[in-house]
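Visitor: Quick one, fold the following:
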Amino acid sequence: MTTPELIALLRKNPISVGCAALALGLTVWTYLDSDEEPKLASQLEQVSAEASRHAANIKNAAQLHEQLNALAAARAEIEPRIVRASELAQNTQYFYKIESETGTKIDIQRANQTVTIKPGTKTIYAPVTFSVAVEGEYPAILEFLRRVEHGVHFARVTSCTLNKSGTALDRSGPLRLVLNLELLGQP
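Guide: Residues are numbered from 1 along each chain as shown. Just a heads-up that it's a prediction; the model follows:
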């Protein structure tokens, strides 16, 4: 079949030729469009996830003002109870005050204080560590420990050693308490 005969055949059957061209076009369009379906499905999932996140934010924001007020009140209660690492004299004075109230004797003249912040931590509070040795009778030692734990500052005892003070072999006499503790503070 030659080219002029092919053209004549196509002109004779215009409906068949149009349907074949349309079918070919739709086949090509469907093939090319099949790549878009996974992309659109993933885009739909992303938009749905973002919409559900926004809906959760709106739902949780209903009590945001009350929660902010509660946090502000809690912070107002915490602020006077924290120690400042730079205020060495005031921090040691805290222990000397407890010493005078309980009748014990602090054996270490100066409490060692260091601030330990883990790398990469974003915080305004950090533990201020102290090492304090106290000497006294058993009830006085217990009272000292209670006042440190329930005192003005938030305290956490990290280690504690209780030994008999002196060289006497009997069970009477003063005791020695070595405390390693952390107070909630700011660097």
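
Visitor: C-alpha from now on. contacts and neighbour counts both.
Guide: Noted.

Visitor: burial of Q186, as a residue count?
Guide: Around Q186 there are 17 other residues, counting by other Cα atoms under 10 Å.

Visitor: can you pull the contacts of it?
Guide: Residues counted as contacts of Q186 (Cα atoms under 8 Å, 6 or more residues apart in numbering) are 82-85, 124-128.

Visitor: measure it to R156 for me?
Guide: Between Q186 and R156 the distance is 15 Å, computed by Cα to Cα, to the nearest Å.

Visitor: just checking, E99 touches Q93?
Guide: No: in this structure E99 lies outside contact range of Q93 using Cα atoms under 8 Å: 9.5 Å.

Visitor: Which one of those two is surrounded by more residues?
Guide: Neighbours per residue (other Cα under 10 Å) separate E99 from Q93, with E99 holding more: 21 against 13.

Visitor: and the host helix or strand of the more buried one, which residues are buried?
Guide: E99 is part of helix 88-102 when elements are defined by DSSP states H and E. Taking 16 or more other Cα atoms under 10 Å as the basis for neighbour counts, the residues of helix 88-102 that come out buried are 91-92, 95-96, 98-99, 102.

Visitor: could those residues be laid out in CSV, adding distance to A51?
Guide: Output for the buried residues of helix 88-102, formatted as CSV (distance: Cα to Cα, whole Å):
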residue, distance to A51
N91, 51
T92, 55
F95, 55
Y96, 59
I98, 57
E99, 60
T102, 61
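
Visitor: Is it possible to get a markdown table of those that adds distance to S34 and pLDDT?
Guide: Formatted as a markdown table, the buried residues of helix 88-102 follow (distance: Cα to Cα, whole Å; pLDDT from 0 to 100):
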| residue | distance to S34 | pLDDT |
| --- | --- | --- |
| N91 | 72 | 82 |
| T92 | 75 | 82 |
| F95 | 76 | 88 |
| Y96 | 80 | 88 |
| I98 | 78 | 91 |
| E99 | 81 | 90 |
| T102 | 83 | 90 |
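
Visitor: And the residues you listed, which is closest to E135?
Guide: Within the buried residues of helix 88-102, the smallest distance to E135 is 9.6 Å, found for E99 (Cα to Cα).

Visitor: domains of the chain?
Guide: Domain assignment of the chain by automatic domain parsing yields the ranges 3-62, 82-186.

Visitor: The last one: end-to-end distance?
Guide: It refers to domain 82-186. Terminal residues of domain 82-186 lie 7 Å apart, using Cα to Cα.

Visitor: now swap in stretch 70-88 and tell me
Guide: Across its full length, stretch 70-88 reaches 32 Å end to end, with Cα to Cα as the criterion.

Visitor: buried stuff in that stretch?
Guide: Neighbour-count burial for stretch 70-88, with 16+ other Cα under 10 Å as criterion, is recorded at 82-85.

Visitor: Just after the host helix or strand of N69, pick out the following helix or strand.
Guide: N69 belongs to helix 64-78 when elements are defined using DSSP H and E. Sequence order places strand 83-84 as the next helix or strand after helix 64-78, per DSSP H and E.
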